[in-house]
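Undergrad: Provided below for reference: sequence and predicted model.
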Amino acid sequence: MARFTIPRDIYYGKGSLETLQTLSGKRAVIAVGGGSMKRFGFLDRAKEYLEKAGFEVKLIENIEPDPSVETVMRGAEIMREFEPDWIVSMGGGSPIDAAKAMWVFYEYPETTFESLTVPFSFPTLRQKAKFAAIPSTSGTATEVTAFSVITDYQKGIKYPLADFNITPDIAIVDPDLVMTMPKTLTAHTGMDALTHAIEAYVSTVHSQFTDPLALSAIKTVFEDLPSSFEGDEGARERMHYAQCMAGMAFSNALLGIVHSMAHKTGAAFEGGHVPHGCANAIYLPYVIEFNSKNALARYGEIAKYCGISGSDDAELTKKLCDKIREFNRILGIPCCLRDFGVNEAEFKKKLDSIAENAIADACTGSNPRPISVEEMRKLLICVYYGDEVKF
């Protein structure tokens, strides 16, 4: 038996933020990030809508990019003191992911973070609160997914937490919130969405329910991301919906080793953080080359659906990789980790542990081609130096 889970309600379109005033309850927390939602007036607007609905509102602010275990625990403590019946999170993937994890510790204080790293092992939520998610970036799609990514900085590892319990009750996909995204963030989140959709389409647990969502999202990204990057408002709106569709696909079809590698390298290097969407964009064509032994026909289908022509699936897949690399060039994303600026000596020193951690990542199991630790080492070396994957 398979399962397909998304939020009960997805509200979308310009101005859909006002949906908050239709909620019912007594107390609501709003979890937000570093300030853009406040700076552009969206936080005040959300608070006003909730207050019009009769809520007492408390803010949990300044959730950092790639939120830490410590941030999650602090937020959960605030929730336990305030006792909200709605948790509302708005912003990029980080505050929404953090709020999802806070939700678990709010309702189950005795739970340990280690226990949550076991996929699909969460306790039953909605004993105290429901959850509304409002994305301000067009990439993570955490507003419709069963995932939350939390970073243990002491270990230098991002942990993807997975359970259908943390799929939000309501998603509000309002394109007004993404019109102010800077170009670099637009690029990184757009390529994150593309990676979600491609990995979902070739996943070992893809289905008839997830395939159409994934293909539609891929085609929209290829058509609209460059214009969205340049600030075209129509393209921004279409990208915002496409990333949501990609999220519905991958939340149910799961992901693959692009994400395994991104999770385990994002916070691994002292020389600087590798943003998640940027890491995905760099790794994606190398992983397609690796996976093509097992998923050549699926990649060929993606290419043909997006208007790429070729004599066979091998040529179509190569052209798909070429297109992704051309997109990275247009968007200012480096082609390999060396060009990103990761120190070679540090990379070599940490290679073995990163490879082992990536194999253990929750996303590895649904990758279309099984991979050993030694193969992961070789793949990471290709990703570092920009070499073609030939094994």
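TA: Cool, got the structure. Note that the structure is a prediction, hence the values are computed from the model and not measured.
Undergrad: which elements pack onto the longest helix along the chain?
TA: Among the elements of the chain assigned as helix by DSSP state H, the one spanning the most residues is helix 276-305. With contacts defined as 3 or more Cβ pairs under 8 Å, 6 or more residues apart in numbering; DSSP states H and E, the secondary structure elements packing on helix 276-305 are helix 183-202, helix 211-229, helix 257-265, helix 313-331, helix 337-340, helix 373-385. (Each C-beta comes from the backbone N, C-alpha and C, glycine too.)
Undergrad: 7 Å instead, please
TA: Other helices and strands packing on helix 276-305, by 3 or more Cβ pairs under 7 Å, 6 or more residues apart in numbering; DSSP states H and E, are helix 183-202, helix 211-229, helix 257-265, helix 313-331, helix 373-385.
Undergrad: residue contacts, the spatially most central residue of the chain?
TA: Geometric centre of the chain, nearest residue: Thr140, 3.0 Å, by Cα atoms, centre = their mean. Thr140 makes contact with Gly92, Gly93, Thr189, Asp192, according to Cβ atoms under 7 Å, 6 or more residues apart in numbering.
Undergrad: export those residues to CSV and tack on pLDDT and distance to Pro160?
TA: Formatted as CSV, the entries for the contacts of Thr140 read as follows, by pLDDT from 0 to 100; distance: Cβ to Cβ, whole Å:
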residue, pLDDT, distance to Pro160
Gly92, 94, 16
Gly93, 93, 12
Thr189, 97, 17
Asp192, 98, 13
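Undergrad: report the buried members of the residues you listed.
TA: Burial by neighbour count, 16 or more other Cβ atoms under 10 Å: within the contacts of Thr140 this picks out Gly92, Gly93, Thr189, Asp192.
Undergrad: closest one of those to Ala76?
TA: Looking at these and their distance to Ala76, the nearest is Gly93, at 18.7 Å (Cβ to Cβ).
Undergrad: pull the residues that contact the helix or strand of the chain with the lowest mean pLDDT.
TA: Within the chain, judged by mean pLDDT, DSSP states H and E, the helix or strand with the poorest mean is strand 157-162; its value is a mean of 88. Contacting residues not belonging to strand 157-162 are listed as 66, 101, 116-117, 119-120, 146-152, 263-264, 266-267, 357, 361-363 [Cβ under 7 Å, 6+ apart].
Undergrad: and that strand, how far from the chain's centre?
TA: The offset between the C-alpha centroid of strand 157-162 and the centroid of the whole chain comes to 11 Å, using Cα atoms, centre = their mean, to the nearest Å.
Undergrad: by how many degrees do it and helix 257-265 diverge?
TA: Interaxial angle, strand 157-162 versus helix 257-265 (axes from the mean of the first three to the mean of the last three Cα atoms, to 10 degrees): 130 degrees.
Undergrad: ok, strand 157-162: who's next to it in the sheet?
TA: Its sheet considered, strand 157-162 pairs with strand 147-152 (antiparallel) by DSSP bridges.
Undergrad: which other residues reach the partner strand?
TA: 66-69, 72, 97, 100-101, 142, 158-162, 166, 251, 263, 267.
Undergrad: mind doing that once more with 8 Å?
TA: Here strand 147-152 makes contact (Cβ atoms under 8 Å, 6 or more residues apart in numbering) with 66-69, 72, 93, 96-98, 100-101, 113, 142, 157-162, 166, 251, 263, 266-267, 276.
Undergrad: who wins for proximity to Glu51 among the helices and strands packed on helix 276-305?
TA: helix 183-202 (29.7 Å).
Undergrad: counting neighbours, which bits of that closest one end up buried?
TA: Residues of helix 183-202 classed as buried by neighbour count (16+ other Cβ under 10 Å): 185-202.
Undergrad: what does stretch 206-222 give?
TA: Of all the residues in stretch 206-222, those buried under the rule 16+ other Cβ under 10 Å are 206, 210-211, 213-222.
Undergrad: closest to Ser228 among these?
TA: Within the buried residues of stretch 206-222, the smallest distance to Ser228 is 9.0 Å, found for Val221 (Cβ to Cβ).
Undergrad: quick one: Thr195 from Ile60, how far?
TA: For Thr195, the distance to Ile60 (Cβ to Cβ, to the nearest Å) stands at 29 Å.
Undergrad: repeat that for Ser203.
TA: With distances defined as Cβ to Cβ, the gap from Ser203 to Ile60 amounts to 34 Å.
Undergrad: and Lys38, by the same measure?
TA: 13 Å.
Undergrad: repeat that for Gly190.
TA: Look at Gly190 and Ile60: by Cβ to Cβ, they are 28 Å apart.
Undergrad: where do the domain boundaries of the chain fall?
TA: Dividing the chain into domains by automatic domain parsing, as the record does, gives the ranges 9-178, 183-385.
Undergrad: could these go into JSON lines alongside distance to Phe391?
TA: Converted to JSON lines, the domains of the chain look like this (distance: least, Cβ to Cβ, whole Å):
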{"stretch": "domain 9-178", "distance to Phe391": "26"}
{"stretch": "domain 183-385", "distance to Phe391": "6"}
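Undergrad: out of these, which is closest to Met1?
TA: That would be domain 183-385 among these, by Cβ to Cβ, at 11.8 Å.
Undergrad: check Pro65 and give its pLDDT.
TA: pLDDT for Pro65: 89.
Undergrad: which residues touch it?
TA: Gly33, Gly34, Gly92, Ser94, His273, Pro275.
Undergrad: what's the helix or strand for it?
TA: Counting by DSSP states H and E, there is no helix or strand that carries Pro65.
Undergrad: how much space between it and Met376?
TA: Pro65 sits 26 Å away from Met376, taking Cβ to Cβ as the criterion.
Undergrad: do Ile324 as well
TA: With distances taken as Cβ to Cβ, Ile324 is found 20 Å from Met376.
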